[in-house]
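> Sequence and computational prediction follow.
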Amino acid sequence: MVQIKSPLAERWKLRLKECKQLYSKSMADQYVHSHDRGSVIILVALALTALLGFCAIVTDVGLIYAHKAHLQNSVDAAALAGAQELPSNPSLAEQTARSYATQNGTPDVNVTFDADNAKIVVQATKQVPTYFARIWGITEEQISVSAAAMMVPPITLSGSVPLSIQEQNLVYGQKYVLKSGGGSGTSEWYLDDDKNNSVIKYGEVSGTSGWYGALELTGTGASSYETDLANGYQGELHVGQILEVKHGNMSGPTAEGINTRLNRDTRVPKNTIDDYDRSAPQIVYIPIVRIISESGNSIHEVQIVGFAAFFLEGVAGNGNNSVVTGWFIETLVPNGQTSGNLADLLRTEQDMENGVASNNFGLYTPKLIAN
C-alpha cells in the first residue's frame with residue numbers, strides 16, 4: 001500500500017502530537033495540584049489547632065489574671081483594715097480583716113501575725129475554672145495571693161499644728177503641756193490638780209528664752225500661726241527637717257486658734273479623752289523636736305525627730321499664763337496625710353519589725369509591705 005504524504009496530514013500529526021503532550025502535561029499538573037491541595041488542608045488544620053491554642057492561652061490566662069488581681073485587691077484591703085487595730089488588739093484585727101475580705105467576695109482567708117503583733121499577713125487561695133484549655137484536660141487552675149501590712153510611724157506628715165514637744169519618753173494617757181506660758185511666773189505647770197506631776201516650761205530651765213513651744217510653719221505672722229492652729233499646716237513636714245521656732249507668748253492667737261478647732265466638735269455627746277472618734281477635731285499632730293541651735297538663753301532652731309498625737313484639753317489661763325495642754329494618745333493618721341521616699345519607708349518598716357524604730361511616738365499609718 002502506498003502511503004500518500006500530504007502537507008495537511010503532516011500538520012495534523014504534528015497537531016495531535018502537540019495535543020498529546022499538552023494532555024500529558026495537564027494530567028501531571030493535575031496530580032501535582034491535587035497533592036498541593038492535600039498539603040494545604042493539613043497545614044490549615046495545624047494552623048487552626050495552633051490558633052485554638054493561642055485562644056486558650058489568651059482567654060484562660062487573662063481570666064486567671066483577672067481573678068488573681070481581684071483576689072489580691074481583696075487581701076490588700078483586708079490587711080490594711082486589720083492593721084489599724086495593731087498591735088494592741090490582734091483579735092479585733094483578725095475579725096476586721098476577715099470582715100473586709102468577705103465584703104470583697106473572699107470569705108475564706110488565713111490571717112496570721114508577726115513582729116510582736118505589729119504585722120498582719122492575710123492569705124487566700126481560689127480555684128479558677130478554664131474554658132478553651134479544657135481540650136487539653138485542664139479544667140481549673142489554682143491561684144494563691146497574700147498581703148502583709150503593719151502600722152509604721154509617718155516619715156512625712158501634713159496637717160500638723162505649729163506646737164511642739166521636746167524629745168522624751170511619752171506616756172499614753174498622760175497630760176502634757178503643748179505650749180507653755182510666758183512671763184516671770186512659775187517655771188512649772190502642774191498636770192493634775194494634786195500637783196503630783198509637772199513639766200518644766202520651755203525656756204525656763206536656765207532663764208527666759210522667749211520660746212514657749214510654738215513653731216514657724218506657714219509664715220512669721222501671728223495670723224498664719226492662728227490659722228495653722230485652727231486648720232493644721234497645709235504643707236508637709238518630715239523627720240529630720242530643721243524648723244525655726246516662733247518666739248513670744250501670743251496668747252490671743254493661741255486662744256483663738258485652739259477654740260476655733262474645739263468649736264468644730266459637732267458630735268453628740270461631744271468627744272472626750274475617754275470616748276472620741278478618730279476624726280475628732282481635738283486630735284492634733286505635733287512634731288517631736290530636738291533643740292539644735294541656741295545662743296545664750298535664746299533658742300533658734302529645732303529638728304523634727306518624729307510626730308505624736310494629742311487630744312486637746314484646751315487653753316488654760318490668759319495673758320502671759322496662756323497654756324495649751326493635751327493628753328498623749330496612740331492613733332492613726334490617714335494615708336492621704338503621709339508620704340515619704342521608698343528608702344526611708346523601708347528602713348522604718350524594718351525598724352518596726354525589729355522593735356527599734358527611733359521615730360515611734362505612737363502616731364501610725366497603715367502600710368502594705370513586702371512579705
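Looks like it arrived, so ask away.
> can we go C-alpha only for contacts and neighbour counts from here?
Fine.
> Identify the single longest strand in this protein, thanks.
Counting by DSSP state E, the longest strand found in the chain is strand 298-316.
> Strand partners (parallel or antiparallel) of that strand?
Within its sheet, and counting by DSSP bridges, strand 298-316 is paired with strand 242-247 (antiparallel), strand 283-295 (antiparallel), strand 323-329 (antiparallel).
> State the next helix or strand along the chain beyond the first one.
I take that to be strand 242-247. helix 251-262 (DSSP states H and E).
> Any chance of CSV for the strands paired with strand 298-316, columns mean neighbour count?
Shown next, in CSV, are the strands paired with strand 298-316 (neighbours: other CA atoms under 10 Å):
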stretch, mean neighbour count
strand 242-247, 20
strand 283-295, 19
strand 323-329, 22
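> Next, format those strands as CSV and append mean pLDDT and distance to residue 74.
Shown next, in CSV, are the strands paired with strand 298-316 (pLDDT from 0 to 100; distance: least, CA to CA, whole Å):
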stretch, mean pLDDT, distance to residue 74
strand 242-247, 92, 41
strand 283-295, 90, 31
strand 323-329, 91, 31
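> Quick one, which of these gets closest to residue 168.
strand 283-295 (8.4 Å; CA to CA).
> Using PDB, list the CA coordinates for the closest one.
What follows is strand 283-295, C-alpha atoms only, in PDB (Å, rounded to 0.1, in the frame of the first residue of the first chain):
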ATOM      1  CA  ILE A 283      -6.900  65.400 117.900                       C
ATOM      2  CA  VAL A 284      -3.800  67.300 116.800                       C
ATOM      3  CA  TYR A 285      -0.500  66.100 115.300                       C
ATOM      4  CA  ILE A 286       2.600  67.700 116.900                       C
ATOM      5  CA  PRO A 287       6.200  67.400 115.900                       C
ATOM      6  CA  ILE A 288       8.600  65.900 118.400                       C
ATOM      7  CA  VAL A 289      11.700  68.100 118.300                       C
ATOM      8  CA  ARG A 290      15.300  68.300 119.400                       C
ATOM      9  CA  ILE A 291      17.000  71.700 120.000                       C
ATOM     10  CA  ILE A 292      19.900  72.100 117.700                       C
ATOM     11  CA  SER A 293      20.600  75.900 117.600                       C
ATOM     12  CA  GLU A 294      20.700  78.300 120.600                       C
ATOM     13  CA  SER A 295      22.800  81.200 121.800                       C
END
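> So which residues make contact with that strand?
159-167, 299-312 (CA atoms under 8 Å, 6 or more residues apart in numbering).
> If any of those residues are buried, give me the PyMOL selection for them.
Restricted to buried positions by 16 or more other CA atoms under 10 Å, the PyMOL selection for these reads:
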select buried, resi 159+160+161+162+163+164+165+166+167+299+300+301+302+303+304+305+306+307+308+309+310+311+312
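> Break this protein down into its domains, please.
Domain segmentation of the chain under automatic domain parsing yields 10-152, 156-341+354-364.
> related to what we said a few turns ago, so which of the strands paired with strand 298-316 is nearest residue 270?
Per CA to CA, nearest to residue 270 of the strands paired with strand 298-316: strand 283-295, 12.9 Å.
> what's the average pLDDT for the helix or strand hosting residue 128?
Here residue 128 sits within strand 119-129, counting by DSSP H and E. Strand 119-129 carries an average pLDDT of 93.
> Next: stretch 251-260.
92.
> So for it, what gets flagged as buried?
Those would be 251, 253-260, for stretch 251-260 by 16+ other CA under 10 Å.
> likewise stretch 130-150?
Neighbour-count burial for stretch 130-150 flags 130, 132-133, 140, 145-150 (criterion: 16+ other CA under 10 Å).
> Can you classify the nearest residue to residue 100 once chain neighbours are set aside as helix, strand or coil?
The shortest distance from residue 100 to any non-neighbouring residue, by CA to CA, 6 or more residues apart in numbering, is to residue 78 (5.1 Å). Judged by DSSP: H, G, I helix; E, B strand; the rest coil, the three-state class of residue 78 is helix.
> Kindly report the same for the one 10 residues further on.
In terms of secondary structure, residue 88 is coil; the call rests on three-state DSSP.
> That one: what's it in contact with?
Applying CA under 8 Å, 6+ apart, the residues contacting residue 88 are residue 117.
> for the stretch 151-300 of the chain, what are the low-confidence residue spans?
182-209 (pLDDT under 70).
> which parts of the helix or strand hosting residue 97 are buried?
Using DSSP H and E, residue 97 falls within helix 90-103. By neighbour count on 16+ other CA under 10 Å, the buried set for helix 90-103 is 90, 93-94, 96-102.
> Stretch 106-118 too?
Buried-residue list, stretch 106-118, by 16+ other CA under 10 Å: 106, 109, 111, 113, 117-118.
> what's next to stretch 317-326, contact-wise?
Residues from elsewhere that reach stretch 317-326, judged by CA under 8 Å, 6+ apart: 175-183, 185, 249, 251-252, 254-255, 310-316.
> Tell me the span between the first and last residue of it.
Stretch 317-326 has an end-to-end distance of 14 Å (CA to CA, to the nearest Å).
> Residue 148 against residue 120, yeah?
Yes - taking contacts as CA atoms under 8 Å, residue 148 lies within contact range of residue 120: 5.6 Å.
> Now list whatever residues contact both of the two.
residue 79.
> Do a quick rundown of the strands in the stretch 151-300 of the chain.
156-158, 165-166, 175-179, 188-190, 198-200, 211-215, 236-238, 242-247, 283-295, 298-316 (DSSP state E, counting those that start in this stretch).
> Which one of these lies nearest to residue 327?
Of the strands of the stretch 151-300 of the chain, nearest to residue 327 by CA to CA is strand 175-179, at 4.2 Å.
> helices or strands next to the closest one in the packing?
With contacts defined as 3 or more CA pairs under 8 Å, 6 or more residues apart in numbering; DSSP states H and E, the packing partners of strand 175-179 are strand 211-215, strand 323-329.
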